[in-house]
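A.B. asks: starting from these lines, generate the structure:
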Amino acid sequence: MTTADPYRDLLETIAESISKELARSLGVNIPSELIMRAIEEPPLRKFGDLGIPVPRLSKELELEFQEVAELVEAGLRNIDVVHKVARIGPYVDAFIDMEKYASKILESLKELSESYGVPRVERPQKIVVEYVSANPVHPLHIGSGRNAAIGDFIYRILSMAGHNVERRYYIDDMGLQVAYLAYGYLKLGRPNPPEGMKPDKYYGLIYAATATVVDLLEVKRRVEALREKGGQEYSDALRELDSLMSDLAKIREKIPKEVDRLIEEIPKDEDPKASIGALMRGYEFGNKEARVMREVSEKVMEGIKRTLARLGINMDVWDWESDLVREGLVQKVLEEAKKSPHFIIHRGVPALDFKELLKDEDLRRRLRIPEGLEIPPLILVRSDGTTLYTTRDIAYTLKKFKEAQARKVYNVIAIEQTLPQAQLRLALYALGYKFEAENTIHYSYEMVNLVGASMAGRRGRYVTVDDLLDQMKERILNIMSERGSRNEDVAERMARSAFRYMMLSTSPNKTLVFDVNKALNIRQASGPYIQYTYARAKAVLTKAGGVPWDRLEFKGAGEGLRRELLWLLGKFPHVMKEVLESLRPEDLVTYINKVADTFNTWYDAEPIAKEPDEGLRALKLAITYGVSVVLASSMKALGMDVLERV
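C.D. replies: Below is the predicted model:
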C-alpha cells in the first residue's frame, strides 16, 4: 500500500513498537503519540537517523533509566526497517535500513507523482485572507511587498490543502493620508500622470509634496516665533526646516511643475491642516465635494494592481472602507456598542472598556492577547463625530465573516498593529460576536530594511516593489546576455521569484534586511538558485528519457549523498504538513535549500544519466525525479515560478 507520508509512517512504526514493548513488559499503556513526539534526529548521522531520549520516558513512567532504555531497544529491534540500534548517552538511537525505507519513499513518488507531499485536510473550511491593504497614497514599497508575499503564501498553502480561500484587499480611502493627497490633487487641478509614469508613483509624489509643503509652512512659523528667543529649540526647528527643504527639493526633481504650484497655492490657504481635516470629515459624512478622495484613490489603485500583477498576485474581492460607511455597517456597530455593558464615555467620547474582559485569563488565551500588552479603552468616535480606523475595522471583520461564510479570517498586518488588532478582537467579543473574535487571526510581520536606504513615505523616500523588480530583472538580463541569451519573460519571472523567496526566507517576526546581491545569488539560498536546481534536475530527466521505474534497484540507496537525498525526500510530506499547521514559510525555505544544496553537490560528484549500472542508474533518476517534484511543489506554495529552463 502506497504511503502518503513515509517519514511520519516511520515515526509511527517506531512509536507503536516501543509502546507495545512497554505494555507487554510493564503492563503500562503509554500512547504511541507521546513517544512519537519525543523522537528526535541526532545532529550527526554517525549517531543514528532517529533518537529516543530515554530520560523523558523514564520521567513519564517513573521508572529507572536502565529498564526503560532496554525496553526501548527491544522495541526498536522488532522493526524490520531498523537495521542497527545503539545507546549513545541518554539516547537510544536507531539506524534505518535505507534500502528498505527508500522503496517506500520512491513508491510514493511514483504513485502520487506531483501530488506527493501536498497536504490535504479532511474537513476543508472557508477561510478569508486579507493582505497587502496598503494605503492608496503611493506605490507599494518593500514593506507592503513583504505583506504581499506572506499573504499570498498563506493563501497558496491553505488552498493546496483543500481549503476554500478568499483573498481580500481593504482599501483605506478614508484616512488622513488620502485627505492630504486629495488636497494636493485639488490644488493642482486634478492632474493626470505624465506619459510613461505609473499613476501610483505620480500621485505618491503629489502626496509627499503636499505633506512636505504643509509641514514646511508650520515649521517656518515655528522658526519665526522662536527667532528672538533662540536656544536649542530654535536650532532644532532650523534643522527640521533644512531637512524638509532637502526632501522637497528631491521630490521637485521628479515633478518640478507640480511642486512649484503647490508651493504657490497651499500658502494661500489660511489653515491647510484644517482644510485637510474638513475634507476627511466631509468624505465620511457624504459631502459630494469630498468624493475626490475616492476619485484619486481609484487612480492610485490602478498602479497598485499592476504591481501586484507583476508579483503574480490576484485578489478575489476589493473592499472600499468608504463603502462600509455608505452601507450603514459602521453605524450598526456604533449602535450595538452603545448597548454593550462595556460601553463607556472616555474623555468625552464613546468608547469600549475591556477591563472586565481582560480579567478572564482563559479569554485572553482564546483571543490571543499578548501577555503584558497594555490595552486602553477603544475610542469609537472622535470629538468631531468621525469614526476611527479600528471602529470601521470591526464592521469590516463582520462583513468578511458574513459575506464569505468564513470559519477563519487572517489579517496580515504589520506587528505595529498588535494593539489595534487586540482591541478589534476584544471589541468583537464585547459586542457579542464571540465566534468572530476567536477566529480573527492577526498574522503579524516585522519591517523590511533595504541595504543603504532610508525610508519615509510622507517625504517620498521609499524603495518601491517596482523599483526592486526592475533592478533585479535588469541584472538577470545582463547575466543572460553574457551567456548569449536574453529572455524578458523569464527574467521577469525570476525577478519576482527572487523577491518572493527573499521576503519569505526570514521568519515574519524578525526584521528583514533585503539584500539584492543575496536575492540574486545563483550559487546558494536564493530564488534563482532554487529555480536553477529544479531546471538542472529536469534537464537530467529529459536527457535520460524519464525514470525507468521497472528497472529500479535499491542497492546503493544507503550510500553517501544518495542516502541524504532520500532521507530529505521522505521528509517532504511531513515538512509540508508542519508548514501548513504553523504557516511558517521560512521552514519550507530552509528545507528546499537543504534539498538543493545536497542535490547540486551530488550532481557534481556522481554521474546520473550516464551511470553504467542499469539498476543504480534507475535509482539515481528516481531520486532526481523526487528532487524535481518537491522543489516544484515548494515553489508553488511559496509563489515562485516553476521554470523548466533558466
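A.B. asks: test my guess that residue 450 contacts residue 461.
C.D. replies: No - checked against Cβ atoms under 8 Å, the pair residue 450 and residue 461 is beyond contact range at 11.1 Å. (Glycine included, C-beta is placed from N, CA and C.)
A.B. asks: more crowded one of those two?
C.D. replies: Neighbours per residue (other Cβ atoms under 10 Å) separate residue 450 from residue 461, with residue 450 holding more: 19 against 15.
A.B. asks: roughly how far apart are residue 166 and residue 404?
C.D. replies: Here the distance between residue 166 and residue 404 works out to 5 Å (Cβ to Cβ, to the nearest Å).
A.B. asks: hey, what's in contact with both of the two?
C.D. replies: Common neighbours of residue 166 and residue 404, using Cβ atoms under 8 Å, 6 or more residues apart in numbering, are 126, 128.
A.B. asks: low-confidence ranges, the stretch 401-550 of the chain, go.
C.D. replies: For the stretch 401-550 of the chain, the stretches with pLDDT under 70 are 451-460.
A.B. asks: what about the strands in it?
C.D. replies: For the stretch 401-550 of the chain, applying DSSP state E, counting those that start in this stretch gives strands covering 408-414, 440-445, 448-450, 512-514.
A.B. asks: next, the closest residue to residue 234 other than its chain neighbours: phi, psi?
C.D. replies: Nearest non-adjacent residue to residue 234, counting by Cβ to Cβ, 6 or more residues apart in numbering: residue 226, 4.1 Å away. Note on residue 226: its backbone torsions stand at phi -100, psi -10 [degrees, to the nearest 10].
A.B. asks: how is this structure divided into domains?
C.D. replies: 6-96, 126-171+315-450, 176-310, 465-638 (automatic domain parsing).
A.B. asks: closest one to residue 120 among the ones you listed?
C.D. replies: domain 126-171+315-450 (5.2 Å; Cβ to Cβ).
A.B. asks: now do that closest one: distance from first to last residue.
C.D. replies: Domain 126-171+315-450 has an end-to-end distance of 36 Å (Cα to Cα, to the nearest Å).
A.B. asks: helices and strands around the host helix or strand of residue 282, which ones?
C.D. replies: Residue 282 belongs to helix 272-284 when elements are defined using DSSP states H and E. Helices and strands touching helix 272-284, by 3 or more Cβ pairs under 8 Å, 6 or more residues apart in numbering; DSSP states H and E, are helix 176-187, helix 199-226, helix 292-310, helix 321-326.
A.B. asks: out of those helices, nearest to residue 546?
C.D. replies: Here helix 292-310 is closest among those (Cβ to Cβ), at 34.8 Å.
A.B. asks: for the closest one, packing partners?
C.D. replies: Secondary-structure packing of helix 292-310 (3+ Cβ pairs under 8 Å, 6+ apart): helix 176-187, helix 199-226, helix 272-284, helix 465-482.
A.B. asks: ranking the ones you listed by burial, who's on top?
C.D. replies: helix 176-187 (a mean of 24; mean count of other Cβ atoms under 10 Å).
A.B. asks: which other helices and strands contact that helix?
C.D. replies: Using 3+ Cβ pairs under 8 Å, 6+ apart: helix 176-187 touches helix 199-226, helix 256-265, helix 272-284, helix 292-310.
A.B. asks: for it, what is the average pLDDT?
C.D. replies: Taken as a whole, helix 176-187 has a mean pLDDT of 97.
A.B. asks: need the CA coordinates for that helix. PDB is fine.
C.D. replies: Extracted C-alpha coordinates of helix 176-187, given in PDB (Å, rounded to 0.1, in the frame of the first residue of the first chain):
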ATOM      1  CA  LEU A 176      -5.900  61.300   6.800                       C
ATOM      2  CA  GLN A 177      -3.200  60.400   4.300                       C
ATOM      3  CA  VAL A 178      -5.700  60.200   1.500                       C
ATOM      4  CA  ALA A 179      -7.100  63.500   2.600                       C
ATOM      5  CA  TYR A 180      -3.600  65.000   2.200                       C
ATOM      6  CA  LEU A 181      -3.300  63.500  -1.300                       C
ATOM      7  CA  ALA A 182      -6.800  64.700  -2.300                       C
ATOM      8  CA  TYR A 183      -6.000  68.200  -1.100                       C
ATOM      9  CA  GLY A 184      -2.900  68.400  -3.200                       C
ATOM     10  CA  TYR A 185      -4.700  66.800  -6.100                       C
ATOM     11  CA  LEU A 186      -7.300  69.600  -6.000                       C
ATOM     12  CA  LYS A 187      -4.700  72.300  -5.700                       C
END
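A.B. asks: good, we can wrap up now.
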